[in-house]
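**Q** Return a 3D structure for these sequence lines:
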Amino acid sequence: MAEEQSSFSNMTGQVTKTKRSAALGFIFITIFVDVLGLGIIIPVMPKLLQTLGHFDLSMASKYNGWLTLIYASMQLIFASIMGSLSDRYGRRPVLLISLFGFSIDYLFMAFAPSIAWLFVGRFIAGVTGASTATATAYIADVSTGHKRDANFGLVGAASGIGLILGVGLGGYLGELNIKFPFMAAAGFAFLNGMYGLFVLPESLKPEHRRKFEWKRANPLGSLIRVFTKHVGLAGLIGAILLVYIAQKAVEYLMSFFLYEKFNWSMHSVSWLALFIGGLLFAIQAGLIRYTIPKFGQQKNIIAGIIFYAIGLTLIAFVNRGWLVYIFMIPYCLGGISGPALQGYATNKVAKNEQGELQGAITILNSISVIVGPFIFSFLFAHYTNKTSGIYFPGAPYLLAAILMIISTFLAIRSFKNPIKKTRSVKPAHTA
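**A** You can find the predicted model right below:
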């Protein structure tokens, strides 16, 4: 009898483990599909806007700025709301709604008869696309200890691979038909949603759920709390924000720049994206494992931001298409500053305040997506407009380089004023 119970217990454990593995696989695919969809849009969006609006790249970049502003603003606002809703009603329904919402957005973009419909689609995508917080919360629910850390690492890998493959796929399918990339993204999101409908169990037990409160869904709350508690981090946080904003000149405007200045094809943009992805992977997975222990965080931060500034300046004045590949090397070497910046800030707060700090840094990135593409798109439009007195498509990259230089000074100033590490905040006692 005891042997039968033991056998039954083992079988139950294996089934539970299999379900958990299937659920984690779904979460990774969800994040992959989210980023894949963003990558697909990068090489195709300029041509789609030109096709629907019947105007040049200069005007198309303005509309791209507005579209990105709508999408990023909705994502910033609804990230906390969706996360709080998942705490109230569970992770499963929020994740599934997000996926099916993404599918609807991509269909809007594929069959939009006018640019106005693109704004509707981007609004829906911003609301439903704020699923990363829920996805990571799901991972935290079903994994513990070192496995949790490893699973979060896989989330980063899924995001990186999704972006690279998305840009490559978008360029390839876009050359066949401008609608194909969006139809493919819609199909991926819908199939993943259907898959989750059958294999994804709920991870948050009813007894662990909390009441939904609007004040806890404030997207800027963690950022304000970090500024209030850690005044000494203000300079460093400012440096991080400027770096994030400057990066958006490459991430959101490069395809417009290359189409305008060198008349590249979508295939050409896709190959460059794959080259950049390979460089970043080598730097993030290999180089920083050597440079940070060897030279320390502060030197990596300064060197990395300077590399960014050099790369952006070279791109601003590039006069041959093939040189873009060469000039991307110093830009990508700037990637050594990111982990060092986060690590340096992390070392200055208590262990039980790390989540709040990381939440604040995530908010900074969201703000940069709102501000950066909007400013750079309008700057690009101004200096590529036929009525403008100066033709300078590289203007956004020169501004981005200036922001990087300012960021360098903010970081150096922060280093000269040592930040005292805060003590752990005592947990509140409950009656």
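**Q** and stretch 182-190, which residues are buried?
**A** By 16 or more other C-beta atoms under 10 Å, the buried positions in stretch 182-190 come out as 182, 183, 184, 185, 186, 188, 189, 190. Quick note: C-beta positions are derived from backbone N, CA and C, even for glycine.
**Q** outside of that stretch, which residues touch it?
**A** Stretch 182-190 has contacts (C-beta atoms under 8 Å, 6 or more residues apart in numbering) with 33, 36-37, 40-41, 44, 99-100, 102-107, 109-110, 169, 173.
**Q** Just the buried ones out of those residues, please.
**A** Neighbour-count burial (16+ other C-beta under 10 Å) applied to the contacts of stretch 182-190 gives 33, 36-37, 40-41, 44, 99-100, 102-107, 109-110, 169, 173.
**Q** got a list of what the nearest residue to residue 265 once chain neighbours are set aside touches?
**A** Closest residue to residue 265 apart from its sequence neighbours, by C-beta to C-beta, 6 or more residues apart in numbering: residue 175 at 6.7 Å. Residue 175 makes contacts with 265, 266, 267, as judged by C-beta under 8 Å, 6+ apart.
**Q** got a winner among those for most neighbours?
**A** Counting neighbours by other C-beta atoms under 10 Å, residue 266 leads these with 25 neighbours.
**Q** Quick check: closest non-adjacent residue to that residue.
**A** Spatial nearest neighbour of residue 266, excluding adjacent residues (C-beta to C-beta, 6+ apart): residue 171 at 4.0 Å.
**Q** Please verify my assumption that that neighbour contacts residue 270.
**A** Yes. With contact defined as C-beta atoms under 8 Å, residue 171 reaches residue 270; the gap is 2.9 Å.
**Q** in which helix or strand would I find residue 178?
**A** Under the criterion DSSP states H and E, no helix or strand holds residue 178.
**Q** pLDDT value on it, please?
**A** Listed pLDDT for residue 178 reads 87.
**Q** How many neighbouring residues does residue 111 have?
**A** Neighbourhood size, residue 111 [other C-beta under 10 Å]: 13.
**Q** same question, the one 3 residues further on
**A** Here the neighbour count serves as a burial measure; for residue 114 (other C-beta under 10 Å) it reads 9.
**Q** I'd say it and residue 52 touch.
**A** Yes. Using C-beta under 8 Å, residue 114 makes contact with residue 52 at a distance of 6.1 Å.
**Q** Distance-wise, check the residue nearest to residue 266 relative to residue 185.
**A** Taking C-beta to C-beta, to the nearest Å as the measure, residue 171 and residue 185 are separated by 13 Å.
**Q** Please apply the same query to residue 198.
**A** In this structure, residue 198 and residue 185 are 21 Å apart, going by C-beta to C-beta.
**Q** Ends of stretch 317-335, what's the gap?
**A** Start-to-end span of stretch 317-335 (C-alpha to C-alpha, to the nearest Å) is 21 Å.
**Q** average pLDDT across it?
**A** Confidence over stretch 317-335 (mean pLDDT, whole number) is 94.
**Q** ok, now stretch 105-122?
**A** Across stretch 105-122, pLDDT averages out at 86.
**Q** hmm, who's touching that stretch?
**A** By C-beta under 8 Å, 6+ apart, stretch 105-122 touches 37, 41, 48-49, 52-53, 63, 66-68, 70-71, 74, 104, 124-125, 128-129, 179, 182-183, 185-186, 189.
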